[in-house]
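Participant: Need the 3D shape of this:
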Amino acid sequence: MSAVKELIGKPAEWLSGENEESELVLSSRVRLARNIDKLPFTHTGREKVMADICGTLKETLSSVRSMKGALVIEMDETSEPDRMMLAERHLITLDVVKNYRDRALVVRPNEKLSVMINEEDHIRLQAIESGLSIRQAFTSVDRLDNELDRQLTYAFSENLGYLTACPTNVGTGLRVSAMIHLPGLVHNKDIAQVLDGLRNVRLTVRGIYGEGTEVMGNLFQVSNSVTLGLSEADTVKNIETHIRKVLEFEKKAREVLLKKARSLLEDKIWRAYGILKSARLVGSKEAMGLISAVRMGIGLGIITDVPMAVMNEILIMIQPMHLQALYNKPMIPSERDRVRADYIRSRLGK
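Facilitator: Numbers count the residues shown, from 1 in each chain. You can find the predicted model right below:
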């Protein structure tokens, strides 16, 4: 069995929905960008140099404690549909899907800790945790970073900090993000004001798959935009503080909805649940909207017979390349709409 097939055979642990605020926060993610000293960045390095870097880093990662038992997936040997599936699982970027030469992914089987080799930077360390668990994710990444630092010499400046391919990552090289679910604010039409507030404190808001992607299912990815001049600890504390403020706004928006239009809200939630349990055709964007309503219903205690983990798994497994992998064949969009509906019905039926 290939490493990619091994991953799809079971849900990632960060989909468990067991940690704090797990309905409001799908996941917390921490990334660190690092480069090896005196070697060209990936966008200027020649093919042989990049291949040598990839080989060195795979060997180094195999020897550190945090990555014991990790899977190694060579992008050169991975088909485009499988690379796209890895992007749907938030393990690689869309850039790596397109530019895959001399790149690799090293990932723990539970998918909570991974390393992209030769993406924009030589090393991109990533930890993903369920719910609002930013500090927990940072601890995992920081531990791995320290283990690698003992074996590698990073590109580092006393004045600037860690040197990276993109100037916006210079300094700590740290990106902290949370995928937050804000249907109440969207419904009350307060979302624009809240997002403007986040941007005013120099946070970035993106769609579900990062920069340039669409917001679907009322899921917003919020991350820091400043890596220079703040310590790693201050960055983690700052973004967690602002995320908690947004969650309070969302809770208040839901309270207003329940007070002013409880019947309409419950009707929307139960209709969404009913459609998901009975539909024979459902598009990706429609499914995300329906899942959003059901997630809110679970969070409000209106729907009590569906575990949050099931809804989290559905969010990932109904993506196009996952459906093709599940059914082991390429599909046109109309076929995916049919098998997507079949899959959702089967999961909710269980």
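Participant: And stretch 5-16, end to end?
Facilitator: With C-alpha to C-alpha, to the nearest Å as the measure, stretch 5-16 spans 20 Å from end to end.
Participant: Return the mean pLDDT over that stretch, rounded to an integer.
Facilitator: Stretch 5-16 shows a mean pLDDT of 84.
Participant: quick one: the helices in the chain?
Facilitator: 3-8, 47-63, 80-88, 94-98, 134-149, 183-187, 191-200, 232-278, 284-299, 308-317, 320-327, 333-349 (DSSP state H).
Participant: check contacts around residue 329.
Facilitator: The contact partners of residue 329, by C-beta atoms under 8 Å, 6 or more residues apart in numbering, come to none. Heads up, the C-betas are built off the backbone N, CA and C, glycines and all.
Participant: Tell me, what's the model's pLDDT at the most centrally placed residue in the chain?
Facilitator: By C-alpha atoms, centre = their mean, the chain has its centre lying nearest to residue 90, at 4.4 Å. The score at residue 90 is 93. That number is its pLDDT.
Participant: what's the burial count for the residue lying closest to it once chain neighbours are set aside?
Facilitator: Among residues not flanking residue 90 along the chain, residue 128 sits closest, at 6.5 Å (C-beta to C-beta, 6 or more residues apart in numbering). Here the count is done by other C-beta atoms under 10 Å, and residue 128 has 28 residues near it.
Participant: ok, residue 67 to residue 82 distance?
Facilitator: For residue 67, the distance to residue 82 equals 21 Å [C-beta to C-beta, to the nearest Å].
Participant: Contacts only, for the closest residue to residue 108 other than its chain neighbours.
Facilitator: Nearest non-adjacent residue to residue 108, counting by C-beta to C-beta, 6+ apart: residue 70, 5.2 Å away. By C-beta under 8 Å, 6+ apart, residue 70 lies in contact with 61-62, 106-109, 113-114.
Participant: between these, which is closest to residue 334?
Facilitator: residue 107 (32.8 Å; C-beta to C-beta).
Participant: quick one: contacts for that closest one?
Facilitator: Per C-beta under 8 Å, 6+ apart, neighbours of residue 107: 7, 70-71, 73, 91, 113-115.
Participant: Repeat that for residue 85.
Facilitator: 4, 8, 319, 321-322, 325.
Participant: Quickly check these for the two that are furthest apart.
Facilitator: It's 4 and 319 that sit farthest apart of the contacts of residue 85, by C-beta to C-beta, at 14.2 Å.
Participant: Among the contacts of residue 107, which are located in strands?
Facilitator: Judged by DSSP state E, the subset of the contacts of residue 107 located in strands is 71, 73, 113-115.
Participant: how about the residues you listed, which pair is most distant?
Facilitator: Greatest spatial distance among the ones in strands among the contacts of residue 107 (C-beta to C-beta): 73 and 113, at 14.3 Å.
Participant: Residue 346: which of the contacts of residue 107 is nearest?
Facilitator: For those, the nearest to residue 346 is residue 7 (20.4 Å; C-beta to C-beta).
Participant: Quick check: neighbours of the longest strand seen in the chain in the sheet, parallel or antiparallel?
Facilitator: In the chain, assigned by DSSP E, the strand with the most residues is strand 25-34. Strand pairing for strand 25-34, determined by DSSP bridges: strand 123-130 (antiparallel), strand 174-181 (antiparallel).
Participant: what distance separates stretch 142-159 from the centre of its chain?
Facilitator: Here stretch 142-159 is found 24 Å from its chain centre; the criterion is C-alpha atoms, centre = their mean, to the nearest Å.
Participant: tell me which residues of that stretch are tucked away?
Facilitator: 142-145, 147-148, 152, 154-155 (16 or more other C-beta atoms under 10 Å).
Participant: which residues touch the nearest residue to residue 75 once chain neighbours are set aside?
Facilitator: In space, and not counting its chain neighbours, residue 75 is closest to residue 100: 3.7 Å by C-beta to C-beta, 6+ apart. If a contact means C-beta under 8 Å, 6+ apart, then residue 100 has 75-76, 78, 83 as its contacts.
Participant: unless I'm mixing things up, residue 265 is touching residue 257, no?
Facilitator: Yes. Using C-beta atoms under 8 Å, residue 265 makes contact with residue 257 at a distance of 5.0 Å.
Participant: the more surrounded of the two?
Facilitator: residue 265 (22 against 19).
Participant: what bits of this structure have low per-residue confidence?
Facilitator: Scanning the chain with the threshold set as pLDDT under 70 gives 1, 209-214.
Participant: and it, what are its domains?
Facilitator: Here the chain is described, according to automatic domain parsing, as comprising the domains 3-177, 261-349.
Participant: wait, which of the helices of the chain is closest to residue 24?
Facilitator: helix 232-278 (5.2 Å).
Participant: Would you mind stating the distance between residue 272 and residue 291?
Facilitator: Distance from residue 272 to residue 291, by C-beta to C-beta: 8 Å.
Participant: I meant residue 320, not that one.
Facilitator: Counting by C-beta to C-beta, the gap from residue 320 to residue 291 is 16 Å.
Participant: more crowded one of the two?
Facilitator: Higher neighbour count among residue 320 and residue 291: residue 291, with 24 against 16, using other C-beta under 10 Å.
Participant: Distance of the more buried one relative to residue 283?
Facilitator: Counting by C-beta to C-beta, the gap from residue 291 to residue 283 is 12 Å.
Participant: what's the answer for residue 65, then?
Facilitator: 44 Å.
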